[in-house]
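Fold the following.
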Amino acid sequence: MIFTPVNYERANPYVYKLLLAIFYFDLLLGLCPAWQGSFILRFISYESFMKIWQLGSLFVTISFSFLILCIQKKVYNPPIFFTIYILHILFTISIVLNGLKSGALAIVGIPLSYWVLYDTLKQYRFPPKHLKRAFYALLAWCIIPIFYYAVAPLDTKLLFMTGPEGQILTFGGFAQHRNFYGIFLGVAFICTLIWKMKPSLKTLLCVLLSIGLILSVCRTAILSIAITVTYIFLFHKKISIKKKIAFLCILFIMGTLVYFILTNSSLVTRDVSDNDDRIELWSGIIKIIEKNFFWGVGEEALYFSKGFPKGAPAHNFALATIASYGIFVFVTFSILLILIFRYSGFYFNAFLIYLISWGLTQPYFGCTLISIHILIPLFIGHLLDNNRDLIF
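Numbers count the residues shown, from 1 in each chain. Prediction:
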């Protein structure tokens, strides 16, 4: 198999527009105000909104990916395409062997969306205006609710803290959950750090975004940002050794301080004892793996107990993939990630690392359909690779 180098001159104008349509549609849905105080919930129920939110994104991504396939009819990276093909076969076998309990949409959507995002997208260059629009929109979406929260009455403040099931959590901005707020806030924070702007403005924006992080107490967001920024600073060729050493020292000090704060129940607004729940969850998922090691359960594996009466996914993409679809699918998916990293640009890889970091403790990344929270960070990473003059 021979890898076909990237050549922007062969880009098809219709595919170009379809890729942008997928990106902007997902960005619009992702930034749509979905918190408990949203005006949208005055017209439709939360359950109906979430169906539109989830199925709308999947429909556009899968249908437009199919159109791209019909128009382009070209594979540029055979190693990635072949791995996606093998992954699709193993994924389908797992579902069939387990009685076709679910997965019909994924059987069609995974190969199409993976091929478009991890192969076709690399052949297209997008001008700076798309990156700027996405960056400024993310900044506004992350920062405006902080000011609103500061001046809002108590009952509105509580709505910012209320989860989708009515439970009191921590600050989630305009998102339906603090983790969804944390994912996009992390993308905005990383972009702010590397964006070319006045130091005073960069400092102000970083402080405001840090306030959002502190209010959300989203530990996975903080960890993922730290891992991604470390990757960028250590492996960026334009950053001197002295600056890299200074950065690592600052990161160690800040990391120690943040860890102390987030593990001290008297200093945070969330229960730190949920670590025990996570250990119980992972132990339960491991038991599922022991019984279904080779082919999984053929659908999303859920652990049920008194602590998780409605069932909970693994909150770790490795455990989730093995429990759901078996070790063969996990190994193939891991190989795919390695190949993607091998053939992608620096910032695309940075946000791939960001999503993998999220996948270590949350259910938002893995061998699954491409969701809004996967597509937006990776697409922005590709836009950053296209427009290096806007950063550093």
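
the strands in the stretch 101-250 of the chain, which residues?
For the stretch 101-250 of the chain, no strands are identified by DSSP state E, counting those that start in this stretch.

so who does residue 144 touch?
Listed by CB atoms under 8 Å, 6 or more residues apart in numbering, the contact set of residue 144 reads residue 174. Bear in mind the C-beta positions are built from the backbone N, C-alpha and C, glycine included.

what about it, distance to residue 207?
15 Å (CB to CB, to the nearest Å).

Give me the pLDDT value at the closest residue to residue 223 other than its chain neighbours.
Distance criterion CB to CB, 6 or more residues apart in numbering; nearest residue to residue 223, sequence neighbours excluded, is residue 357 at 6.2 Å. On the pLDDT scale, residue 357 is placed at 96.

Residue 357 contacts residue 227, doesn't it?
Yes - using CB atoms under 8 Å, residue 357 makes contact with residue 227 at a distance of 4.7 Å.

the more surrounded of the two?
A count of neighbours by other CB atoms under 10 Å puts residue 357 above the other of residue 357 and residue 227, at 21 against 16.

Can you classify that one by secondary structure?
helix (DSSP: H, G, I helix; E, B strand; the rest coil).

Residue 70: what's it in contact with?
No contacts exist for residue 70 under CB under 8 Å, 6+ apart.

buried residues in the helix or strand where it lies?
Using DSSP states H and E, residue 70 sits in helix 46-72. In terms of neighbour count (16 or more other CB atoms under 10 Å), helix 46-72 has its buried residues at 46, 49, 53, 57-58, 60-62, 64-65, 67-69, 72.

Same question for stretch 354-370.
Buried residues in stretch 354-370 (16+ other CB under 10 Å): 354-370.

Let me have the buried residues of helix 46-72 in a markdown table, extended by distance to residue 23.
Shown next, in a markdown table, are the buried residues of helix 46-72 (distance: CB to CB, whole Å):
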| residue | distance to residue 23 |
| --- | --- |
| 46 | 26 |
| 49 | 21 |
| 53 | 16 |
| 57 | 11 |
| 58 | 15 |
| 60 | 10 |
| 61 | 10 |
| 62 | 15 |
| 64 | 10 |
| 65 | 12 |
| 67 | 15 |
| 68 | 13 |
| 69 | 17 |
| 72 | 17 |
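
Any stretches of the stretch 201-350 of the chain with poor pLDDT?
With pLDDT under 70 as the threshold, the stretch 201-350 of the chain has low-confidence stretches at 259, 261-276.

measure residue 206 to residue 183 for me?
On the measure of CB to CB, residue 206 and residue 183 end up 18 Å apart.

again with residue 224
Taking CB to CB, one finds residue 224 at 8 Å from residue 183.

Quick check: neighbours shared by those two?
residue 358.

re earlier: give the contact list for the residue nearest to residue 223.
With CB under 8 Å, 6+ apart, residue 357 has these contacts: 220, 223, 224, 227, 228.

Could I get the contacting residues of the fourth one?
When the contact criterion is CB under 8 Å, 6+ apart, the partners of residue 227 are 353, 354, 357.

who's in contact with the second one?
Pointing back at residue 354 there. Here residue 354 is in contact with 186, 187, 190, 224, 225, 227, 228, 377 (CB under 8 Å, 6+ apart).

Let's see that with 10 Å instead.
183, 186-187, 190, 221, 224-225, 227-229, 231-232, 365, 377-378, 381 (CB atoms under 10 Å, 6 or more residues apart in numbering).

From these, pick the one nearest residue 314.
Residue 314 has its nearest neighbour among the contacts of residue 354 in residue 365, at 11.7 Å by CB to CB.

Surely that closest one touches residue 373?
Yes - with contact defined as CB atoms under 10 Å, residue 365 reaches residue 373; the gap is 7.9 Å.

what do these two both touch?
183, 355, 358.

if we can go back for a sec, save the contacts of residue 227 as TSV, and put in distance to residue 11 too.
Shown next, in TSV, are the contacts of residue 227 (distance: CB to CB, whole Å):
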residue	distance to residue 11
353	27
354	27
357	31
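
so what's residue 194 closest to, chain neighbours aside?
residue 391 is the one closest to residue 194 (CB to CB, 6+ apart), at 4.5 Å.

Report the contact partners of the one you found.
Counted by CB under 10 Å, 6+ apart, residue 391 has contacts 131, 191, 193, 194, 195, 196, 197, 232, 236, 347, 384, 385.

mind running it again at 7 Å?
By CB atoms under 7 Å, 6 or more residues apart in numbering, the contact set of residue 391 is 194, 195, 196, 384.
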